[in-house]
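**Q** Need a 3D model of the sequence below.
(one chain, ligands or ions: 2)
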Amino acid sequence: MSTPIKDDSRHSTSSSTISSAPFNSIVGEHPNAVTNRFFSYERIEEISNYLRKKIAAAPEVAIICGSGLGGLAELITDKISFPYNEIPYFPSSTVPGHRGNLIFGILNGIYVVCMQGRFHPYEGYTTALCAMPVRVMKMLGAHSLIVTCAAGAINKDYNIGDMMIIKDHLNFSNFAGPRFPPVGHAYDREYVTLMKQVAIKHGHELREGIYSGLGGPCYETIAEIRALRILGGDAVGMSVVHEVTVGAHCGFRILGLALLTNKCLTEYNAAHESLHEEVIRISELKANDMQQLILNFVGVLKENYV
Ligand SMILES: O=P(O)(O)O[C@@H]1C[C@H](O)[C@@H](CO)O1
Ligand SMILES: Nc1nc2[nH]cnc2c(=O)[nH]1
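**A** Ligands and ions are numbered 1, 2, ... in the order given. This is a model prediction of the structure:
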């Protein structure tokens with residue numbers, strides 16, 4: 001039996017369903033049925049209701065913090081914090097640099113919900129489950145989604161510590177879920193322009209580019225980086241695309257921001273290999289700049305859109 005997804009998406013209608021491919025009941029439950037439970041309307045509603053009863057207001061902006069970037073939550077006031085393992089049906093954070101809290105409160109005058117750490121498919125969770133909190137944050141009322149991440153620099157001109165607006169992505173991860181949602185305009189062009197203005201006003205240099213989303217957890221081979229470069233990738237990571245795909249499906253206006261924490265290897269005689277410890281170190285070093293950008297962007301959203 002397929003599971004209807006009721007959502008107020010600009011792209012989909014209440015008739016959006018997951019196809020019910022035939023399956024043999026002797027073999028057991030169809031994988032789609034298992035996946036469906038992670039994001040059925042009723043489950044998202046149950047989680048949202050659990051949280052709604054405990055928070056002060058409906059959040060307007062949802063933020064997902066990438067590796068080492070969760071310090072943003074320190075800027076939130078009037079905080080209510082939920083460790084992921086206390087929220088029904090939430091998975092646990094298992095990656096260093098992802099603290100695993102869902103935080104509600106005020107950021108620069110706007111009520112926000114902030115994921116202090118995200119879920120990655122390489123942690124053993126399905127992409128649908130990793131992206132499930134995006135649906136919860138939408139159901140709680142958020143209209144805009146800001147996604148941050150650490151990523152490796154592929155573009156020769158981009159350097160360690162650069163911040164990059166994600167203007168589009170290459171999706172190399174697999175996905176199960178509602179079929180054929182359009183994602184051609186997933187990254188909001190107006191938000192890209194706004195963020196560039198914010199960066200100029202506050203003296204931050206900002207790159208712009210295409211994020212390649214791979215499954216991980218290994219970093220890339222030299223052949224892979226060379227191929228991604230030919231395909232137009234400017235940066236590479238192991239997240240973002242599942243959240244943005246689901247975010248676009250449920251009608252979020254989305255801004256993506258990557259911190260380039262390492263230069264990807266493209267030569268066989270290069271000695272240095274990427275390490276997660278290095279990724280975290282650079283993230284933490286540049287976290288303040290990322291936080292200021294987001295803080296000021298949220299302030300502009302308040303003036304212009306809320
Ligand atoms: O959650 P993000 O995308 O910021 O984390 C990146 C990708 C991997 O999880 C990890 C690799 O160092 O950092
Ligand atoms: N896949 C991938 N993810 C990253 N996250 C931070 N740096 C990298 C990288 O070089 N490759």
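**Q** hey, let's count contacts and neighbours off CA atoms from now on
**A** OK.
**Q** which of the residues in stretch 217-234 are buried?
**A** For stretch 217-234, the neighbour count (16 or more other Cα atoms under 10 Å) marks Tyr219, Glu220, Ile225, Arg226, Leu228, Arg229, Gly232, Gly233, Asp234 as buried.
**Q** just curious, which of the residues you listed is nearest to ligand 2?
**A** Nearest to ligand 2 out of those is Tyr219 (Cα to the nearest ligand atom; 4.8 Å).
**Q** so that closest one makes contact with His276?
**A** No - with contact defined as Cα atoms under 8 Å, Tyr219 does not count as touching His276 (9.4 Å).
**Q** what residues are up against the closest residue to ligand 2 within the stretch 1-150 of the chain?
**A** Relative to ligand 2, the nearest point of the stretch 1-150 of the chain is Ala150 (4.7 Å; Cα to the nearest ligand atom). Going by Cα atoms under 8 Å, 6 or more residues apart in numbering, Ala150 touches Gly66, Ser67, Gly68, Gly237, Ala258, Leu259, Leu260, Thr261, Val279, Ser283.
**Q** Now tabulate those in a markdown table and tack on distance to ligand 1.
**A** Compiled in a markdown table, the contacts of Ala150 are given as follows (distance: Cα to the nearest ligand atom, whole Å):
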| residue | distance to ligand 1 |
| --- | --- |
| Gly66 | 3 |
| Ser67 | 4 |
| Gly68 | 7 |
| Gly237 | 5 |
| Ala258 | 8 |
| Leu259 | 8 |
| Leu260 | 10 |
| Thr261 | 9 |
| Val279 | 5 |
| Ser283 | 9 |
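**Q** Select from the residues you listed the one having the most neighbours.
**A** Leu259 (31 neighbours; other Cα atoms under 10 Å).
**Q** what's that residue sitting at in phi/psi?
**A** Main-chain torsions, Leu259, degrees, to the nearest 10: phi -100, psi 120.
**Q** tell me which residues form a beta bridge with it?
**A** Ala150, Met163 (DSSP bridges).
**Q** so after the helix or strand hosting Ile106, what's the next helix or strand?
**A** Under the criterion of DSSP states H and E, Ile106 resides in strand 101-107. Going down the chain from strand 101-107, the next helix or strand is strand 110-116, by DSSP H and E.
**Q** mind listing what's buried in that next one?
**A** For strand 110-116, by 16+ other Cα under 10 Å, it's Ile110, Tyr111, Val112, Val113, Cys114, Met115, Gln116.
**Q** for stretch 163-180, same thing?
**A** Buried residues in stretch 163-180, counted by 16+ other Cα under 10 Å: Met163, Met164, Ile165, Ile166, Lys167, Asp168, His169, Leu170, Asn171, Ser173, Gly177, Pro178.
**Q** try stretch 263-283
**A** Lys263, Cys264, Leu265, Thr266, Ser274, His276, Val279, Ile280, Arg281, Ile282, Ser283.
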